[in-house]
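>>> Got a sequence here, can you build the structure:
(chains A and B)
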Amino acid sequence: MDAWVTQLRRGLIELCVLAALGEEEAYGYQIVERLSAIAGLEVTESTIYPLLARLARDKCLLTRTAASPQGPARRYYRLSEVGRRRLDEMIAHWQTIQKSVHHLVQGESR
Amino acid sequence: MNSSMVELSPALQSLVEERLDAIERILLAAGVSRGERRGILSEVESHVFELLARRTTGEPTREDVLAVLAQLDPPESYAPEGFDRRKLNETFAPPKPREPELSLLAAGSAVAGVFLLLVLVMSVMAGGDGGLLVLEATALLAISIAGAWSLLRIQRSNGWLYGTRPALISALVFPLAAANCIAFLLLSSLGDVAIFLGMAIAFLAFNGVMIYGAWRVCEKLVMPRGKATIHPGRVSL
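The predicted structure follows:
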């Protein structure tokens, strides 16, 4: 069961990161805080930061750095056009799967 | 939330950099590109500072930094899926801060040496052989040298050795024992008991002041508190 939950989370994490940046830009720590607060997702920085780096490499995210009042400069991420399209496709897939699985599970439970 | 700039002393900075290096070694071994490594490491470094800023209102202490580092995911967790984690554990286990053995040994010897000194002084006062006192003084001098050497090693370790307190006790044992013996000899020649007791209490207070003063000096010299700040560019990539 644990392995299934892990796989499910792993599959959703990229969608969640892109969705977290769907409305506004955010810096790394903010994204970790935002996602770690989502019940059931249970993500930490060692999952998020490599993913942010990969998404930036794949041109899904655009970055800018800005001075931080606390220490090193912060890197802010926002969705690029590529990232926006990817997010839309993922959301479409997710909604289809979610709807189908929901129907299936509801049918099973009756 | 504290919004003031977090600044770390060079010793504390090295603790953070050691963690970043450990993560980088894993990313390198996993074949992560330079650009991605750079991005990940600068995020982890910023993460450390964000946590420090939320934890402390003043300059962070060693305990603050260690607590924040303990809060982070271990370096091995940055390995991609399918990477041989057992190999990582063997190859990339980060060193842990530790107490120098010499410092502990010297502190233990110092405590034993002071007791022995008391016994010998009482023995000599009762008419015993004074030659053993010379041997004891030599032993205490050796303990003090070991303590001073330990303090030097702690200072040069950039935060990877601790145990300043036992090292300081050891370093002070000879000068304080010598000063106390001289004071005792001078006081014992006084006829008036009240003056003797007053002077004895004053000298005990002097011991306390000396130890406190030495501790403050150690805080400045052995644990330097510079104003260096970590910048992403400082991370070797």
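>>> can you count the residues close to residue 83?
Chain wasn't specified; assuming chain A. Residues within reach of A:Gly83, counting by other CB atoms under 10 Å in any protein chain shown, total 22. Just so you know, the C-beta spots here come from the backbone N, C-alpha and C atoms, and that holds for glycine as well.
>>> wrong one, chain B
Counted with other CB under 10 Å, B:Phe83 comes out at 14.
>>> nearest residue to it other than its sequence neighbours?
Spatial nearest neighbour of B:Phe83, chain neighbours left out: B:Ala30 (5.4 Å); criterion: CB to CB, 6 or more residues apart in numbering or on different chains.
>>> quick one: contacts for the one you found?
B:78-80, B:83 (CB atoms under 8 Å, 6 or more residues apart in numbering or on different chains).
>>> Quick check: the gap between the residue nearest the centre of chain A and chain B.
When chain A is reduced to its mean C-alpha position, the nearest residue by CA atoms, centre = their mean turns out to be A:Val17, at 1.8 Å. Distance of A:Val17 to chain B, computed by CB to the nearest CB, to the nearest Å: 13 Å.
>>> if we can go back for a sec, so which of the contacts of B:Ala30 are in helices?
Among these, no residue falls in helices (DSSP state H).
>>> Show me the residue sitting in the middle of chain B in space.
Note: chain B centre (CA atoms, centre = their mean) maps to B:Tyr162, 2.9 Å.
>>> if I pick it, what's in contact with it?
B:Tyr162 makes contacts with B:62, B:97-99, B:154, as judged by CB under 8 Å, 6+ apart.
>>> mind listing the helices for chain A?
Going by DSSP H, chain A shows helices at A:2-20, A:28-36, A:45-57, A:81-109.
>>> To B:Ala139, which of those helices lies closest?
helix A:45-57 (51.8 Å; CB to CB).
>>> So what touches that closest one?
By CB under 8 Å, 6+ apart, helix A:45-57 touches A:13-14, A:17-18, A:28, A:31-32, A:35, A:61-63, A:77, A:83, B:32-33, B:35-37, B:39-40, B:43-44, B:47, B:72-73, B:77-78, B:80.
>>> buried ones in it?
Neighbour counts using 16 or more other CB atoms under 10 Å in any protein chain shown place A:45-56 of helix A:45-57 among the buried residues.
>>> ok, the closest residue to B:Val111 other than its chain neighbours to B:Arg38 distance?
Leaving aside its sequence neighbours, B:Val111 sits nearest to B:Ile169 (CB to CB, 6+ apart; 7.9 Å). When CB to CB, to the nearest Å is applied, the distance between B:Ile169 and B:Arg38 equals 45 Å.
>>> Compare the two (neighbour count), which wins?
Set B:Ile169 next to B:Arg38 and count neighbours by other CB under 10 Å: B:Ile169 wins out with 23 against 18.
>>> helix or strand for that one, which one?
In this structure, B:Ile169 sits in helix B:164-188 according to DSSP states H and E.
>>> quick one on the thing from earlier: in TSV, list the buried residues of helix A:45-57 along with pLDDT and distance to B:Cys218.
Shown next, in TSV, are the buried residues of helix A:45-57 (pLDDT from 0 to 100; distance: CB to CB, whole Å):
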residue	pLDDT	distance to B:Cys218
A:Glu45	94	36
A:Ser46	93	37
A:Thr47	93	42
A:Ile48	95	41
A:Tyr49	96	38
A:Pro50	95	42
A:Leu51	95	45
A:Leu52	96	43
A:Ala53	95	42
A:Arg54	94	47
A:Leu55	95	48
A:Ala56	95	46
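>>> Of the residues you listed, which pair is most distant in space?
Longest distance between any two of the buried residues of helix A:45-57 is 16.8 Å, between A:Ser46 and A:Ala56; criterion CB to CB.
>>> Indicate the residue of chain A located nearest to chain B.
Relative to chain B, the nearest point of chain A is A:Gly71 (3.1 Å; CB to the nearest CB).
>>> burial measure for that residue, as a count.
Close neighbours of A:Gly71, defined as other CB under 10 Å, add up to 23.
>>> wait, it sits on B:Val16?
No: between A:Gly71 and B:Val16 there is no contact under CB atoms under 8 Å: 10.1 Å.
>>> Can you list phi and psi of the residue nearest to the centre of chain B for me?
Main-chain dihedrals, B:Tyr162, degrees, to the nearest 10: phi -130, psi -160.
>>> and what of B:Pro60?
phi -60, psi 140.
>>> For it, which non-adjacent residue is spatially closest?
B:Pro60 sits nearest to B:Leu52 (CB to CB, 6+ apart), 5.0 Å away.
>>> ditto for B:Ser33
Leaving aside its sequence neighbours, B:Ser33 sits nearest to A:Arg57 (CB to CB, 6+ apart; 7.1 Å).
>>> Please spell out which residues along whichever strand or helix holds B:Ala205 are buried.
According to DSSP H and E, B:Ala205 maps onto helix B:193-221. Buried positions in helix B:193-221, judged by neighbour count with 16+ other CB under 10 Å: B:203, B:214, B:218.
>>> Many thanks, we can stop here.
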